[in-house]
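A.B. asks: Sequence first, predicted model second:
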Amino acid sequence: MKETYTPNIEIPLIDKMHNKALESINENKINIEDFRDTYSDVENDINKTKARMEKWDRESTEKEKEMKKYATILEAITNEFISKGWLGKDVKAKHTADPDDLNGVDIVSEFTKEDPRQYLGLGIDATFAKDLKGKFRGIKAGIVRGKLASVKYYKTEDGQAGLSNIPNVVVGVELKTIKELGEAWVNNDEDYIKNHHIQFQIIDQILMQLDKFNKYSTVLEREEIAEKFKATYDLVERIKKDKIESGRYLNHSKRDLMHSRIEEELDDFLKDVKRTSKQKLTGYSTNDLAARFNN
């Protein structure tokens, strides 16, 4: 009998990482089908989302599709390891359903509190994109309108359907760091990822944004959302302090290039805070200011 030869074709590392990411997301993703008794337009949302995704697939280049794989890997790792301690032991994360993901919230992190009426949730948009202006422009427009992020397909621990007016932040991680984390992930080196300095970069980015967004909301007299930013900031700041004081983490001050890009974008918020405060002193109404900065 003639022997058959089966070549040893190694699966490229990016595909190994991407396959694991898809598996992780599918296991932890909110199932839109669970909301058919809650919303009457589920089928419509599914069809619109499918059309948008098919359009992107048709029009995107091979390079863009490759970069999308890395974005998926980043989202999966961020979600999994937030639930495994990156933001403290009492924080659980969940991948959003596709319609909410396409609207800018990849992940919802839920901070456990003794009183379920004092709900604290945080929307996260994980990215390594160089151009962040569109993402921050959307957050800024929401603050001006007095309306934060919403997640339609979500149920809180106390059974509430949907989330509205939750703080949303952008976390940036360099492609080089994603590859480093992804390789450790496919090799099942969880301890390496759990102790990686990137968690402190993410924490600091969250804190920087919550601080700037709180100040911007305050000068625009959006008191309710300013309080949400402040409450979430205080909670995340305590988490960071506890993690550092534990002494478990080396190089917790190390940052990659995406961190400086986040800082640059936040400088624009600081400029708006100063400009808005100055204009309020000259007699502009809150509505006038909102119109001026809704660009």
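C.D. replies: Now that the structure is in, tell me what you want to look at. In this text, all values refer to a predicted model and were calculated from it rather than measured experimentally.

A.B. asks: what about the stretch 1-150 of the chain, any weak spots by pLDDT?
C.D. replies: 1-11, 113-119 (pLDDT under 70).

A.B. asks: And the helices in it?
C.D. replies: 13-28, 42-59, 62-81, 98-102, 133-145 (DSSP state H, counting those that start in this stretch).

A.B. asks: Residues contacting the shortest one, please?
C.D. replies: The set of residues external to helix 98-102 that reach it, using C-beta atoms under 8 Å, 6 or more residues apart in numbering, is 30, 32, 45-46, 48-49, 52-53, 95, 151-154. For every residue, glycine as well, the C-beta is placed using N, CA and C.

A.B. asks: let's go with 10 Å and repeat that
C.D. replies: Outside helix 98-102, the residues within contact range by C-beta atoms under 10 Å, 6 or more residues apart in numbering are 25, 29-30, 32, 42, 44-46, 48-50, 52-53, 56, 75, 95-96, 106-108, 123, 125, 149-154, 162-163.

A.B. asks: how close does the closest residue to residue 48 other than its chain neighbours get to residue 151?
C.D. replies: Of all residues not flanking residue 48 in the chain, residue 99 sits nearest, at 7.4 Å (C-beta to C-beta, 6 or more residues apart in numbering). Per C-beta to C-beta, to the nearest Å, residue 99 is found 9 Å from residue 151.

A.B. asks: quick one: which of those two has more around it?
C.D. replies: Using other C-beta atoms under 10 Å as the criterion, residue 99 and residue 151 rank with residue 151 on top: 23 against 18.

A.B. asks: ok, residue 12 - contacts?
C.D. replies: residue 18.

A.B. asks: how much space is there between the spatially most central residue of the chain and residue 104?
C.D. replies: Geometric centre of the chain, nearest residue: residue 124, 1.8 Å, by C-alpha atoms, centre = their mean. Using C-beta to C-beta, residue 124 is found at 10 Å from residue 104.

A.B. asks: who touches both of those two?
C.D. replies: 96, 149, 168, 170.

A.B. asks: From those, pick the one nearest residue 218.
C.D. replies: Proximity of the shared contacts of residue 124 and residue 104 to residue 218, judged by C-beta to C-beta, is greatest for residue 168, which lies at 17.8 Å.

A.B. asks: about what we covered before: tell me what the residue nearest to the centre of the chain is bridged to.
C.D. replies: Beta-bridge partners for residue 124, by DSSP bridges, are residue 107, residue 169.

A.B. asks: Just list the residues touching it, thanks.
C.D. replies: 75, 78-79, 82, 87, 93, 96, 104-109, 149, 167-171, 202, 205-206.

A.B. asks: can you do 7 Å?
C.D. replies: Contact analysis of residue 124 by C-beta atoms under 7 Å, 6 or more residues apart in numbering lists 106, 107, 109, 169, 171.

A.B. asks: quick one: the first one and residue 94 touch, right?
C.D. replies: No: taking contact to mean C-beta atoms under 7 Å, the distance of 10.2 Å between residue 106 and residue 94 leaves them out of contact.

A.B. asks: So between the two, which is more surrounded?
C.D. replies: Neighbour count, other C-beta under 10 Å: between residue 106 and residue 94, residue 106 has more, with 25 against 19.

A.B. asks: for that one, phi and psi?
C.D. replies: When read as degrees, to the nearest 10, the backbone of residue 106 gives phi -80, psi -40.

A.B. asks: give the contact list for the closest residue to it other than its chain neighbours.
C.D. replies: Distances taken as C-beta to C-beta, 6+ apart put residue 75 closest to residue 106, at 5.0 Å, once the chain neighbours are dropped. By C-beta under 7 Å, 6+ apart, the contact list for residue 75 reads 106, 107, 126.

A.B. asks: Next: residue 171.
C.D. replies: Counting by C-beta under 7 Å, 6+ apart, residue 171 makes contact with 78, 124, 126, 202, 205, 206.
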